[in-house]
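A.B. asks: Provided below for reference: sequence and predicted model.
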Amino acid sequence: MKKRITLLFLLLSTLSLSAGNLLLTNFEDVTCTLGTSGGWGSEWSVVDGAGKVTVPANNQGQYIIFSLPANFDANQYAYLKITVKSTETNYRFVPEYLKADWTGSADWNHTYKYTGNGAWQDVYISLAYLTPGTAGTYAMVNLKVAAYDNKPSFDLYIDNVTFIEKYVPDYTKDVVITDFDNVMAPMGGWSSNTIGIASNPDGIGNGGLVSVPANNGGGISITAQAQFDPATHNKIKFRMYAAQTVKFTWVTVENKDDNTIKKQLPNLNYTTPNEWQIITADLSSIEANQYQKFILGAEAWQNKPAFTFYIDDVILVNNNTSGTENIFDDSMISYLSSSKLLRIKAKNASTVELFSTTGSLIHRENIQGDSDINISHLKNGIYLVRVTGENIHGVKKIFIN
């Protein structure tokens with residue numbers, strides 16, 4: 001019989017389950033009582049502002065439990081995000097969502113892997129697979145490590161345990177073609193129905209897995225549920241993940257009569273291998289009409305081998321909302337440890353602020369675009385960086401060592 005060992009987090013914070021993301025604990029201001037009644041072996045501690053977990057050898061499903069201050073509603077939150085670091089990469093997290101009476105819904109069909117190889121990595125655990133009708137009734141999150149036979153003991157660090165609020169598009173403005181979690185559009189592919197549904201490499205829900213044949217010269221064909229007009233929706237936006245760079249060179253839109261208009265797409269490139277990137281295709285020069293299908297074409301791949309990539313969150317953006325969209329993402333803030341520089345990617349004038357983990361303002365600087373800020377005067381530790389400006393508002397934690 002397997003030994004049931006738990007670590008119970010009794011969150012004492014006053015955080016409420018209201019609008020916005022919900023931070024459960026970041027381990028600097030420890031908002032929970034840390035149990036020591038076993039857990040992963042017998043060790044749980046706070047080290048350098050993160051929770052240190054010792055996983056026993058040959059682990060067979062022991063787990064960490066987070067006990068929330070109130071029931072959470074899966075209709076409000078899309079993911080549980082945890083920041084993880086360890087030198088071991090051959091393990092996956094399996095989520096289970098528990099009621100107050102310890103009954104719940106486990107999700108063994110979708111596991112979420114740490115691949116950071118010693119670096120900090122955000123792992124997103126989807127809430128999309130909770131048992132239907134049970135949203136709003138859960139009080140605990142149980143994180144297991146998937147079967148781990150014949151492996152030695154190892155340590156992992158966990159930080160920034162946060163519920164991420166769902167993005168709810170304005171359906172009176174933006175048109176969601178598909179988010180692949182509940183597939184809302186028939187899809188063709190590179191001439192042969194090669195868009196399938198698969199778990200994304202970062203574990204965020206489902207995605208469209210696109211298989212590109214060798215020597216390709218075709219494109220992705222996606223059909224919207226309803227017709228759209230570039231006069232009111234002049235951008236197609238989607239997220240993409242691949243192991244290599246990809247260049248898109250043209251887009252074709254088709255109307256209900258199968259008449260097509262083709263447009264060249266200069267500088268529409270996927271440039272960040274093994275990372276998610278938002279791609280936006282501009283349709284503003286296409287004549288007003290009612291269209292229902294669009295095809296994105298990649299550059300000619302003569303003498304190139306087959307490859308795959310993921311596509312997700314395909315949205316037609318309303319002209320009147322694009323100017324107010326928050327374009328912040330984590331890649332806009334990075335710390336260059338070798339040169340002690342804080343690199344900010346911001347096209348417009350912005351304000352950069354650094355805070356200590358207790359909320360004290362350490363540094364403030366106004367920038368006029370992409371900038372490198374010298375922070376060599378700061379002591380080693382953990383800081384929060386906030387960037388605000390036109391269409392930008394976001395916060396990211398950095399580690400200075």
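C.D. replies: Good, I have the coordinates. Owing to the predicted nature of the structure, the values given are computational and were not obtained by experimental measurement. Residues are numbered from 1 along each chain as shown.

A.B. asks: where are the low-confidence patches of the stretch 251-400 of the chain?
C.D. replies: 255-259, 266, 291-292, 298-303, 320-330, 357-360, 390-394 (pLDDT under 70).

A.B. asks: Strands of that one, start to end?
C.D. replies: With DSSP state E, counting those that start in this stretch as the criterion, the stretch 251-400 of the chain has strands at 260-270, 277-282, 291-298, 307-318, 333-336, 341-344, 350-355, 361-367, 371-374, 381-389, 392-400.

A.B. asks: who does the fifth one pair up with?
C.D. replies: Put plainly, it is strand 333-336. According to DSSP bridges, strand 333-336 forms sheet pairs with strand 341-344 (antiparallel).

A.B. asks: mind listing what's buried in the strand it pairs with?
C.D. replies: Going by neighbour count (16 or more other CB atoms under 10 Å), the buried part of strand 341-344 is 341-342, 344. C-beta here means a position set from N, CA and C on the backbone, and glycine is covered the same way.

A.B. asks: Could you do stretch 228-243 as well?
C.D. replies: 228-230, 233-242.

A.B. asks: what's the residue nearest to residue 278 when sequence neighbours are not counted in contact with, if anything?
C.D. replies: Distances taken as CB to CB, 6 or more residues apart in numbering put residue 239 closest to residue 278, at 5.7 Å, once the chain neighbours are dropped. By CB atoms under 8 Å, 6 or more residues apart in numbering, the contact set of residue 239 is 276-279, 311-313.

A.B. asks: Show me what residue 270 is bridged to.
C.D. replies: residue 246.

A.B. asks: Confirm for me that it is in contact with residue 246.
C.D. replies: Yes: using CB atoms under 8 Å, residue 270 is in contact with residue 246, at 4.2 Å.

A.B. asks: okay, and the common contacts of those two?
C.D. replies: 240, 309.

A.B. asks: Residue 315 touches residue 233, doesn't it?
C.D. replies: No: with contact defined as CB under 8 Å, residue 315 does not reach residue 233; the gap is 9.2 Å.

A.B. asks: Output the buried residues of stretch 228-243 as a markdown table; include the columns pLDDT.
C.D. replies: Output for the buried residues of stretch 228-243, formatted as a markdown table (pLDDT from 0 to 100):
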| residue | pLDDT |
| --- | --- |
| 228 | 70 |
| 229 | 75 |
| 230 | 76 |
| 233 | 77 |
| 234 | 78 |
| 235 | 79 |
| 236 | 80 |
| 237 | 80 |
| 238 | 79 |
| 239 | 78 |
| 240 | 79 |
| 241 | 81 |
| 242 | 81 |
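
A.B. asks: Which of the residues you listed fall in strands?
C.D. replies: Using DSSP state E, the members of those that fall within strands are 228, 233-242.

A.B. asks: and which of those residues is nearest to residue 376?
C.D. replies: residue 241 (34.1 Å; CB to CB).

A.B. asks: any idea how far that closest one is from residue 356?
C.D. replies: Per CB to CB, to the nearest Å, residue 241 is found 34 Å from residue 356.

A.B. asks: got it, and residue 334?
C.D. replies: Using CB to CB, one gets 20 Å for the distance from residue 334 to residue 356.

A.B. asks: and this structure, what are its domains?
C.D. replies: Per automatic domain parsing, the structural domains of the chain span 8-165, 175-324, 332-400.

A.B. asks: now for the last one, what's the gap between its first and last residues?
C.D. replies: Spelled out, that is domain 332-400. Across its full length, domain 332-400 reaches 17 Å between end residues, using CA to CA, to the nearest Å.

A.B. asks: Show me where the stretch 1-150 of the chain dips below the pLDDT cut-off.
C.D. replies: Residues of the stretch 1-150 of the chain that meet the cut-off, pLDDT under 70, sit at 1-20, 24-25, 27-48, 58-76, 90, 106-111, 128-137, 145-150.

A.B. asks: cutoff 50 now
C.D. replies: Low-confidence segments of the stretch 1-150 of the chain, defined by pLDDT under 50: 1-19, 30-43.

A.B. asks: Cool, thanks, signing off.
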